[in-house]
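# Sequence and predicted structure below; questions after.
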Amino acid sequence: MGSFFAVAQGGHAARRRHDALPREACAGQKRDDTLTGLLSPYSTDAWVNFMVAEAGASAALTGLIFVAVSINLEKILSYPSLPGRAAESIVELFSVLIIASFCLVPGESRSLLGWEMLLFGLGMWIVVGLLQARYILKHRTEPWHWMGLRIMFGLLTSVPVCVAGISLLVQAGGGLYWLVPAILFSFIAGVFHAWVLLIEILR
């Protein structure tokens, strides 16, 4: 009799272990899916800290441009190329704040974020392009290497945003990682323009 009960208890324990295996497997799969979602270039969950940092840096650098313009306003207005350059730097730096704000909206769908990035990148490229085209038409004698540098910065800060938007919509091609070069080049362009507006203008 004792051996019968021992066998029965052993069978119940084996069934409990067998039933627990699928549940543990499901829990492990859920953890893997959650980790994959957090690390995905098409989900903003893992980008929150990065976007918060970039938004703060963008706000600080945009403020620096406004300070530079307010301090040297008369000198800036006396040079035909500098008002447009100041406007470009404000657009490029402020765009980082807008991009970060889009990414930090809670519960926003991937497709909506993709459309926001695509349309905003196109709008940014059009605005900067119009500023540059207006300057080129009025000042054809300016050195082309200076204008080429401005055009390069305009493209490097706007085109990757459009690519990021398209990548989010099709869920292929890198997703949010395209925003990294756009943000970095925006900061480089902003610091370069701030140097010109604050230091070079006084030489």
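Everything's here; your move.
# ok, for the spatially most central residue of the chain, nearest residue in space, not its chain neighbours?
Taking C-alpha atoms, centre = their mean, the centroid of the chain lies closest to residue 179, which sits 3.7 Å from it. Take residue 179 and drop its neighbours on the chain: the residue closest to it by C-beta to C-beta, 6 or more residues apart in numbering is residue 164, 5.1 Å away. Every residue, glycine included, has its C-beta placed from N, CA and C.
# could you check the distance from that neighbour over to residue 189?
For residue 164, the distance to residue 189 (C-beta to C-beta, to the nearest Å) stands at 18 Å.
# more crowded one of the two?
residue 164 (27 against 24; other C-beta atoms under 10 Å).
# Which other helices and strands does the one helix or strand that one maps to contact?
Using DSSP states H and E, residue 164 falls within helix 144-170. Judged by 3 or more C-beta pairs under 8 Å, 6 or more residues apart in numbering; DSSP states H and E, helix 144-170 is in contact with helix 82-103, helix 110-138, helix 179-198.
# now for those, which one comes closest to residue 153?
Using C-beta to C-beta as the measure, helix 179-198 is the one of these that comes nearest residue 153, at 4.0 Å.
# contacting residues around that closest one?
For helix 179-198, the surrounding residues in contact (C-beta atoms under 8 Å, 6 or more residues apart in numbering) are 54, 57-58, 61-62, 64-65, 68-69, 71-72, 76, 82, 85-86, 88-89, 92-93, 95-96, 99, 103, 117, 121, 153, 156-161, 164.
# Buried among the residues you listed? Need that as a selection in PyMOL.
The buried subset of the contacts of helix 179-198, as determined by 16 or more other C-beta atoms under 10 Å, is captured in PyMOL by this line:
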select buried, resi 54+57+58+61+62+64+65+68+69+72+76+82+85+86+88+89+92+93+95+96+99+103+117+121+153+156+157+158+159+160+161+164
